[in-house]
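K.L.:
need a structure here:
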Amino acid sequence: MSTAARVVVLPEEFAPMRIEEVDLPDPTGHQVLVKEFASGICHSQLHTIHNPRTQDVCLGHEATGEVLAVGDEVTHVKPGDTVLLTFQPRDLRSTDRMPWKAGVDLADGGRAQSNNIFTWSTHTIADDQYVIPLAPGTPVDVTAIVGCAVLTGAGAVLRAASVQPGQSVAVWGVGGVGLNAVAAARMSGAAPIIAVDVDDEKLALAQRFGATHLVNAAAQDPIEAIRRLTPGPAGAYGFGGSPIAGVDFAFDVVARPATFLQAFRSTRNSRNAVHGGGTTVVVGVPQAPFELPAIEMLMNERHIQGTLGGTAVPEEDIPRFVEWYRNGDLDLDALVTSRVALEEINEACQMLDDGKVLGRSIIEF
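P.N.:
Presented below is the predicted three-dimensional model:
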């Protein structure tokens, strides 16, 4: 028996999103049918909205919900379980199976396809690799953003960079993802933790999440500001006599050519045969090529690293991040700064595009 659902559909042509009534099939194999409680609205979805596409699309990739039914090959969740949906496979270390990409059949005979899952909908059907069980009693509103915002930001610090106590960190862009990078840096014992943005309100929120220093890149040169905050040992010098300064890790959550160069040049230069240079971690989704200052990378022995979804292992990391929230170490209530209904999705995305969302927006069903 099929399940009626209301799903946001992004048309193939450039036009506002619409809500369609669809019927989701009973799950088979590794599929899980979920009634949703809440879903996050991620900035990366704006890239899909603004870029050309060849078919209708269904969006959303982080949510909470209740399992209604499972396919006969699903073993880790059952009907009635509270779960979290994420765009990252929960653990590919023990399987080579390619997860199923979800989509919906539309009333006009067409199909709206997702990249992997869709969560801007009252109900969804997903491969079990994208479904993580939540402990009973876990709040199901603000935890909806753990599947992307937290996983990506905190994962970049813990998994991709493996930041250690005492290492210095700068985070470019302290919106929904960047704030989680700041929080994870604090939990890792990093010092200093420098938040970089052009919005003083966002910088103030970053301080609540653990930033020790704030840099408004619209008011000062962020590279110089960071190097002043992170001097090396007195008298230490790098190639050509340049003083040692800069952060161990710069996280570029904005991922624009300008922010990449700023982040790259804010990392520590090397002291030959004593220590290497710092690392720039690209966390955001680039929409244009970056200029690579190759000679600077060589002479300063700097590193560049990309991370998809924080290089996280959701099956292990999501319970950890939810526990941070339950313990008061991660203030998801402060991070969720906007709540909307499904019918407000176009307005909510426009607010995000206009920079009017301080932290993260969620859809509540």
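K.L.:
please make it C-alpha for all contacts and neighbour counts, starting now.
P.N.:
OK.
K.L.:
how deep is Glu315 tucked in, by neighbour count?
P.N.:
When neighbours are defined as other C-alpha atoms under 10 Å, Glu315 has 17 of them.
K.L.:
assumed it was part of a helix.
P.N.:
Yes: Glu315 forms part of a helix when assessed by DSSP: H, G, I helix; E, B strand; the rest coil.
K.L.:
what's the closest non-adjacent residue to it?
P.N.:
Distances taken as C-alpha to C-alpha, 6 or more residues apart in numbering put Arg90 closest to Glu315, at 4.9 Å, once the chain neighbours are dropped.
K.L.:
outline the domain layout of this structure.
P.N.:
If you go by automatic domain parsing, the domain ranges for the chain are 3-145+331-364, 150-309.
K.L.:
does Gly103 touch Gly110 like I think?
P.N.:
No: here Gly103 lies out of contact with Gly110, judged by C-alpha atoms under 8 Å, at a distance of 10.7 Å.
K.L.:
tell me which of these two has more neighbours.
P.N.:
In this comparison of Gly103 against Gly110, neighbours counted by other C-alpha under 10 Å, the higher total goes to Gly103 at 22 against 11.
K.L.:
what about the strands in the stretch 51-200 of the chain?
P.N.:
Read by DSSP state E, counting those that start in this stretch, the stretch 51-200 of the chain holds these strands, from start to end of the chain: 57-58, 62-70, 82-86, 103-105, 111-113, 123-127, 131-133, 169-172, 193-197.
K.L.:
repeat for the stretch 201-350 of the chain
P.N.:
Ranges of strands in the stretch 201-350 of the chain, per DSSP E, counting those that start in this stretch, are 213-216, 249-252, 279-282, 303-306, 336-340.
K.L.:
so where is the protein shaky, pLDDT-wise?
P.N.:
Where the chain drops to pLDDT under 70, the residues are 273.
K.L.:
now the strands of the stretch 201-350 of the chain in a markdown table, with distance to Ala170?
P.N.:
What follows is these, written out as a markdown table (distance: least, C-alpha to C-alpha, whole Å):
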| stretch | distance to Ala170 |
| --- | --- |
| strand 213-216 | 9 |
| strand 249-252 | 5 |
| strand 279-282 | 9 |
| strand 303-306 | 14 |
| strand 336-340 | 22 |
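K.L.:
deepest of those strands, which one?
P.N.:
By mean neighbour count, with neighbours taken as mean count of other C-alpha atoms under 10 Å, strand 249-252 ranks first of those at a mean of 30.
K.L.:
note down every partner strand of it and its orientation.
P.N.:
Taking DSSP bridges as the criterion, strand 249-252 pairs within the sheet with strand 169-172 (parallel), strand 279-282 (parallel).
K.L.:
list the contacts of that strand.
P.N.:
Under the contact criterion C-alpha atoms under 8 Å, 6 or more residues apart in numbering, strand 249-252 has outside partners 161, 163, 167-173, 259-260, 263-264, 266-267, 278-284.
K.L.:
check the gap between the residue lying farthest from the centre of the chain and Gly241 for me.
P.N.:
Of all residues in the chain, Gly235 sits farthest from the chain's C-alpha centroid, using C-alpha atoms, centre = their mean; the distance is 39.5 Å. Shown here: Gly235 relative to Gly241, a distance of 10 Å by C-alpha to C-alpha, to the nearest Å.
K.L.:
one more: Cys349?
P.N.:
According to C-alpha to C-alpha, Cys349 and Gly241 sit 49 Å apart.
K.L.:
between those two, which is the more surrounded one?
P.N.:
Between Cys349 and Gly241, counting by other C-alpha under 10 Å, Cys349 is the more crowded of the two (20 against 10).
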